[in-house]
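1. Provided below are the primary sequence and the corresponding predicted coordinates.
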There are 2 protein chains.
Amino acid sequence: MIRAVPSRRDAIADDLRRQISTGHFKAGERLPSEAQLATRYTVSTPTLRSALALLQGEGLVEKIHGNGNFVRRPLRRITYLGGVAEPPTWATFSAPLRVTTRTASIEAYNHLPTLLNVRPGSPLTEVLHIAHEGKTPHSLARIYTPHDLTLADPPAATPSPEQIAVCWAGPRPLAEVQERLSARLPTQEEATALRISASLAVLSLTRVVTDATGRVVEVALMVLPGDRADALFTTRLMTEKRSSKE
Amino acid sequence: MIRAVPSRRDAIADDLRRQISTGHFKAGERLPSEAQLATRYTVSTPTLRSALALLQGEGLVEKIHGNGNFVRRPLRRITYLGGVAEPPTWATFSAPLRVTTRTASIEAYNHLPTLLNVRPGSPLTEVLHIAHEGKTPHSLARIYTPHDLTLADPPAATPSPEQIAVCWAGPRPLAEVQERLSARLPTQEEATALRISASLAVLSLTRVVTDATGRVVEVALMVLPGDRADALFTTRLMTEKRSSKE
DNA sequence: GAGTGGTCTAGACCACGAG
DNA sequence: TCGTGGTCTAGACCACTCA
């Protein structure tokens, strides 16, 4: 009702979407140049580019500067399985992922002291995970552990490809896992690391694991692009046993 | 590294952000017209508008066609509390919300038959909740219940303002709550209903409640704008019993 | 170097909102 | 009616990629 007549941009985006879904433009293929498309649709380049920006935000098209616009190979949709009590030192996904890992020693700064409940400047171990599907990056995780809790040796191997190591802290009695989720647009760095448009919404997941003494053992910051990932929490209800507090 | 020199757009957006955060432009105030701002920054109108689009996507500015650009009054940030077992017929938030409700009888279509596991065309009760903070809409929920499970009378009152009725199904032995979250951009309708920019990411939450017989009792679709809401799931671990498999 | 996308201009014209 | 934002044009020039 706001606009009965679709704008040129929307009309072009719809047409391109259709051509991609019908296979007229195939996955991985390069679209005609923006100048050509602009001529074909008899619009100016800024208008055509704004139509492409819509497809980009949906994850259908990837722009590569100086090279062209490419139809994105549809990525496998994965689900982060939340509320998993055991083992809480792993993050579990619904499908295998190839993960590359990079470890560094850093000092707590910005929001990290608050999250980990340590003094600013405290030594932390940072582990950066990038999950790949084929050659394209899929999602991203940064894990922080107090340095004195970090194992000298990384865990031998991921128990299964669906799980990525989220915590290298030694085995301790853990007490609580908190998972906070929000939706936002990616930062510049996240967008380039994941090769996604700055206008593609991401699911931002912060996972805080506390041990029995109340000490924060691990904080994991995960970035899951909205076009390829979601999160699932399952709660089973104890109907016979009503043990809820407060 | 991609662009050492910030673009005009980013520079202008940064400057406006600063002026908003320092109170030079106050909450609720109308910004100078786009033409004036363009002159002040010596850029063309499209460039200035693209800068405003950034602030819009961050929820800092609300554009009102034919009226002006307004600094958004910062909204209270609320947290949806997930994994709440009892009572599962309510959604719990971290702060009170004023909620308006509209009920309708509809038939299952599109994705609803799958979600509710009913035949297409089955009668459903749809409840639309819009939570407000002051005069501005805050978030949105659509709840679907099989018509034969719907109570004749709506629940007398919300037990507390933090909880909104999500299910009108009569008291039954419930078995499972599944909450699936994803990040995306709002649809056109959601954007206008919530008066948010189409480029402000929203947290989309689908909550499915199943009874002991496996029948789906309720499906709730919630839309939580990313600039004002997140979701929190807390899992407590049973440390005495280590039943980890594999 | 040739071709691609990235940014920006200086307008034009339309649609909406308030008085 | 007037001032606002919404859309669009037809270029220009720069930055990047690949051969």
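-> Alright, I've got the coordinates. Numbers count the residues shown, from 1 in each chain, chains lettered A, B, ... in the order given.

2. CA atoms for contacts and neighbours, from now on please.
-> OK.

3. after the helix or strand of chain A with the lowest mean pLDDT, next one along is what?
-> One helix or strand of chain A scores below all others by mean pLDDT, DSSP states H and E: strand A:163-165, with a mean of 63. Using DSSP states H and E, the helix or strand that follows strand A:163-165 in sequence is strand A:174-184.

4. where exactly do the strands run in chain A?
-> A:61-64, A:68-71, A:78-82, A:90-93, A:98-107, A:123-133, A:136-146, A:163-165, A:174-184, A:202-211, A:216-225, A:229-236 (DSSP state E).

5. compare those and say which comes out lowest on pLDDT.
-> Ranked on mean pLDDT, the bottom entry among the strands of chain A is strand A:163-165, at a mean of 63.

6. surely A:D10 meets A:A51?
-> Yes. The criterion here is Cα atoms under 8 Å, and A:D10 meets it with A:A51 at 6.4 Å.

7. who's more crowded, these two?
-> The neighbour comparison of A:D10 against A:A51 (other Cα atoms under 10 Å in any protein chain shown) goes to A:A51, with 21 against 17.

8. now that one: how far from B:T213?
-> 48 Å (Cα to Cα, to the nearest Å).

9. what does A:G23 give?
-> From A:G23 to B:T213 the distance is 43 Å (Cα to Cα).

10. same question for A:T210.
-> From A:T210 to B:T213 the distance is 36 Å (Cα to Cα).

11. so for those two, which residue has more residues nearby?
-> A direct count of neighbours by other Cα under 10 Å for A:T210 and B:T213 places A:T210 higher, at 22 against 9.

12. could you find the closest non-adjacent residue to that one?
-> A:V216 (4.4 Å; Cα to Cα, 6 or more residues apart in numbering or on different chains).

13. ok, and for stretch A:118-134, which residues are buried?
-> A:V118, A:P123, A:L124, A:T125, A:E126, A:V127, A:L128, A:H129, A:I130, A:A131, A:H132 (16 or more other Cα atoms under 10 Å in any protein chain shown).

14. stretch A:16-27 now?
-> A:L16, A:R17, A:I20, A:F25, A:K26, A:A27.

15. would JSON lines of these with pLDDT and distance to chain B be doable?
-> Formatted as JSON lines, these follow (pLDDT from 0 to 100; distance: Cα to the nearest Cα, whole Å):
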{"residue": "A:L16", "pLDDT": "94", "distance to chain B": "19"}
{"residue": "A:R17", "pLDDT": "94", "distance to chain B": "16"}
{"residue": "A:I20", "pLDDT": "94", "distance to chain B": "20"}
{"residue": "A:F25", "pLDDT": "93", "distance to chain B": "24"}
{"residue": "A:K26", "pLDDT": "91", "distance to chain B": "24"}
{"residue": "A:A27", "pLDDT": "91", "distance to chain B": "22"}
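
16. where does chain A come near DNA strand C, residue by residue?
-> Residues of chain A found near DNA strand C (Cα under 7 Å from any atom of the strand) are A:2-3, A:31-35, A:45-46, A:49, A:63-69.

17. and if we set it to 10 Å?
-> A:1-5, A:30-38, A:44-50, A:52-53, A:62-70, A:197 (Cα under 10 Å from any atom of the strand).

18. Produce a ChimeraX select command limited to the buried residues of those.
-> Typed into ChimeraX, the line below selects the buried ones among the residues of chain A next to DNA strand C, using 16+ other Cα under 10 Å:
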select /A:30,31,34,37,38,47,48,49,50,52,53,62,63,69,70,197
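
19. out of the residues of chain A next to DNA strand C, which are close to DNA strand D?
-> Applying Cα under 10 Å from any atom of the strand to the residues of chain A next to DNA strand C, those adjacent to DNA strand D are A:2-3, A:5, A:35, A:38, A:44-50, A:64-68.

20. residues contacting A:G59?
-> A:R72, A:I196, A:S197, A:L200, A:D227 (Cα atoms under 8 Å, 6 or more residues apart in numbering or on different chains).

21. against A:S197, how distant is it?
-> 7 Å.

22. with A:E190 instead?
-> 10 Å.

23. before we move on, what about A:L112?
-> Applying Cα to Cα to A:L112 and A:S197 gives a distance of 27 Å.

24. list, one by one, the residues from chain A near DNA strand D.
-> So far as Cα under 10 Å from any atom of the strand goes, chain A lies against DNA strand D at A:2-3, A:5-12, A:35, A:38-39, A:41-51, A:64-68.

25. make it 7 Å
-> A:7-9, A:42-48, A:64-67.

26. which among those gets closest to A:F93?
-> A:I64 (29.3 Å; Cα to Cα).

27. what bridges to the residue lying closest to the closest one once chain neighbours are set aside?
-> Take A:I64 and drop its neighbours on the chain: the residue closest to it by Cα to Cα, 6+ apart is A:F70, 7.6 Å away. Judged by DSSP bridges, the bridge partners of A:F70 are A:R30, A:E62.

28. now A:P123
-> Beta-bridge partners of A:P123, as defined by DSSP bridges: A:E107.

29. how is chain A divided into domains?
-> Chain A breaks down by automatic domain parsing into domains covering A:8-71, A:78-233.

30. out of these, deepest packed?
-> Most buried of the domains of chain A by mean neighbour count (mean count of other Cα atoms under 10 Å in any protein chain shown) is domain A:78-233; its value is a mean of 19.

31. now do the end-to-end distance for that one.
-> End-to-end distance (Cα to Cα), domain A:78-233: 14 Å.

32. equivalent analysis for stretch A:60-72, please.
-> End residues of stretch A:60-72 are separated by 5 Å (Cα to Cα).

33. same deal with stretch A:60-69?
-> 10 Å.

34. contact partners of that stretch?
-> With Cα under 8 Å, 6+ apart, stretch A:60-69 has contacts from A:30-33, A:52, A:55-56, A:70-72, A:74, A:195-197.

35. now do stretch A:184-204
-> Under Cα under 8 Å, 6+ apart, the answer for stretch A:184-204 is A:56-59, A:62, A:136-140, A:181-183, A:221-227, A:229-230, B:182-185, B:199-203, B:226-227.

36. swap in stretch A:114-128?
-> A:101-109, A:112-113, A:140-147, A:150, A:208, A:215-219.

37. how far does that stretch sit from its chain's centre?
-> 22 Å (Cα atoms, centre = their mean, to the nearest Å).

38. try stretch A:215-230
-> Using Cα atoms, centre = their mean, the offset of stretch A:215-230 from its chain centre is 7 Å.

39. sorry, back to before: list just the nearest of the buried residues of stretch A:16-27 to B:G83.
-> Among these, and counting by Cα to Cα, the member closest to B:G83 is A:R17, at 37.2 Å.

40. OK, contacts around the nearest residue to the closest one once chain neighbours are set aside?
-> Nearest in space to A:R17, with sequence neighbours left out and distances taken as Cα to Cα, 6+ apart, is A:L55 at 7.3 Å. Residues counted as contacts of A:L55 (Cα under 8 Å, 6+ apart) are A:A13, A:R17, A:V61.
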